[in-house]
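A.B. asks: when you get a sec, could you give me coordinates for this:
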Amino acid sequence: MEINAVFEGGGVKGISLAGAVQASEEAGVTFKRVAGTSSGSIVASLLAAGYSGEEMSRIIQGTSFRSFLKRSPFFNTKLIGPALRVMLKKGLYSGEALESWIRGILRQRGIVSFRDLPPGKLSIIASDITDGRLVVLPEGLEEYGINPDNFEVAKAVRISCSIPYFFDPVILRRSGKAAEGKSFAEQFVYMVDGGLLSNFPMWLFEEKEPGVQGAVKVPVVGYQMVGRTAPQANRITGPFSMLQALVGTMLSAHDERYIEQEKFVRTVKIPTLGIGTVQFELTPEESTSLYNSGYHAGKEFFQKWRPGRFEKLLIINKKASSHF
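C.D. replies: Sure thing, here's the model as predicted:
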């Protein structure tokens, strides 16, 4: 069974997505096109590069996410260090370590730029906070005068994972006609986490068969992480610990987003066991539990789901209810 898959963002909770992918493959699912936001973009890019769910499990569970929180020793100076870094770099941590990590993994499969992937295979969601709009990478880069084919996949993943103020934004420069008539400063745009504008872009693959009313080319299945994080007090000692608490709270709010009933019936709902989006210091047991949660959710979903079956029932129910 071939599907187009959309993976929600959720920080370190994205480990659970790899488990759901493995369960999907065991159910006979193959992935035609994939899309993701934030940590969902990591899973989507690995799938596009040809990694299986089992291989993803070994990669992700063998990675210390704490290692992504890098900054120079100077910026670790108490109080003034983090404040100065945000003023200069616009983030508490650099995203370079994450970009380097995903770059190395993709290159093992010969993937560097989007040119190395089939056209339309991978879509990554980003937020342009300069122009205030959502951008779908790589095709959206054309509006900035950037050749989508030459853009590095690892850079796109880093952009989508750049949690505001937590990681540095990625700065792109407009080129060609996109830069005409703009001052030097106006030529630069700041790109951050796609979850800021669309954390679960189920709309991406809603393509209709020409001439067939309501028919979908390939079934679209979403992979969403659900379950409220256990309430945890944030220790606020100054403006930057408060900023960190604000960002964490904002991202957690995505976890309980409402999705339409039509999308709900084709969404793998993965319990996240109370683990937080920016809880980078996971124990091996927590990492394994997240993966298993995704695996069991994916297995249960594909035991019951058949393309179009539940969607047709919803249409019938809607028509029936409209008569009352």
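A.B. asks: please report how far the residue nearest to residue 152 when sequence neighbours are not counted lies from residue 153.
C.D. replies: Spatial nearest neighbour of residue 152, excluding adjacent residues (Cβ to Cβ, 6 or more residues apart in numbering): residue 113 at 5.4 Å. Just so you know, the C-beta spots here come from the backbone N, C-alpha and C atoms, and that holds for glycine as well. Distance, residue 113 to residue 153, by Cβ to Cβ, to the nearest Å: 7 Å.
A.B. asks: who's more crowded, those two?
C.D. replies: For residue 113 versus residue 153, neighbours defined as other Cβ atoms under 10 Å are more numerous around residue 153 (26 against 18).
A.B. asks: just confirm that one contacts residue 122, I think it does.
C.D. replies: Yes. Contact status for residue 153 versus residue 122: in contact at 7.1 Å, counting by Cβ atoms under 8 Å.
A.B. asks: give me the common contacts of these two.
C.D. replies: 45, 48, 114 (Cβ atoms under 8 Å, 6 or more residues apart in numbering).
A.B. asks: quick one, helices of the stretch 151-300 of the chain?
C.D. replies: 153-160, 239-252, 261-264, 284-304 (DSSP state H, counting those that start in this stretch).
A.B. asks: among the ones you listed, which gets the worst mean confidence?
C.D. replies: Least confidently modelled of these is helix 261-264, at a mean of 57 by mean pLDDT.
A.B. asks: what does the residue positioned nearest the centre of the chain show for phi and psi?
C.D. replies: Residue closest to the mean C-alpha point of the chain, counted by Cα atoms, centre = their mean, is residue 37 at 2.2 Å. With angles defined as degrees, to the nearest 10, residue 37 sits at phi -120, psi 140.
A.B. asks: hmm, back to that, in helices only, show me the shared contacts of residue 153 and residue 122.
C.D. replies: 45, 48 (DSSP state H).
A.B. asks: now render the shared contacts of residue 153 and residue 122 as a markdown table, adding pLDDT, neighbour count and distance to residue 145.
C.D. replies: What follows is these, written out as a markdown table (pLDDT from 0 to 100; neighbours: other Cβ atoms under 10 Å; distance: Cβ to Cβ, whole Å):
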| residue | pLDDT | neighbour count | distance to residue 145 |
| --- | --- | --- | --- |
| 45 | 97 | 26 | 24 |
| 48 | 97 | 25 | 25 |
| 114 | 98 | 25 | 16 |
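A.B. asks: closest one to residue 31 out of the shared contacts of residue 153 and residue 122, please.
C.D. replies: Comparing these against residue 31 with Cβ to Cβ places residue 48 closest, at 8.1 Å.
A.B. asks: contacts for stretch 97-112 next, please.
C.D. replies: Here stretch 97-112 has contacts from 42, 45-46, 48-51, 59, 63, 67-70, 116-117, 152-155, 157-158, 161, 167, using Cβ under 8 Å, 6+ apart.
A.B. asks: average model confidence for it?
C.D. replies: For stretch 97-112, the per-residue pLDDT averages 95.
A.B. asks: buried stuff in that stretch?
C.D. replies: 97, 98, 99, 101, 102, 103, 105, 106, 111 (16 or more other Cβ atoms under 10 Å).
A.B. asks: for residue 10, which non-adjacent residue is closest in space?
C.D. replies: residue 225 (4.3 Å).
A.B. asks: could you report the neighbour count for the one you found?
C.D. replies: Neighbour tally, residue 225, other Cβ under 10 Å: 33.
A.B. asks: check residue 296 too.
C.D. replies: Neighbours around residue 296, by other Cβ under 10 Å: 16.
A.B. asks: pretty sure it contacts residue 22?
C.D. replies: No. Proximity of residue 296 to residue 22 does not meet the contact threshold set by Cβ under 8 Å, at 10.8 Å.
A.B. asks: pLDDT on stretch 67-86, on average?
C.D. replies: Stretch 67-86 comes out at a mean pLDDT of 66.
A.B. asks: from residue 307, how far off is residue 125?
C.D. replies: 24 Å.
A.B. asks: scratch that, residue 36 is what I was asking about
C.D. replies: 21 Å.
A.B. asks: look at these two and report which has more neighbours.
C.D. replies: Set side by side, residue 36 and residue 307 show more neighbours around residue 36, with 33 against 15, by other Cβ under 10 Å.
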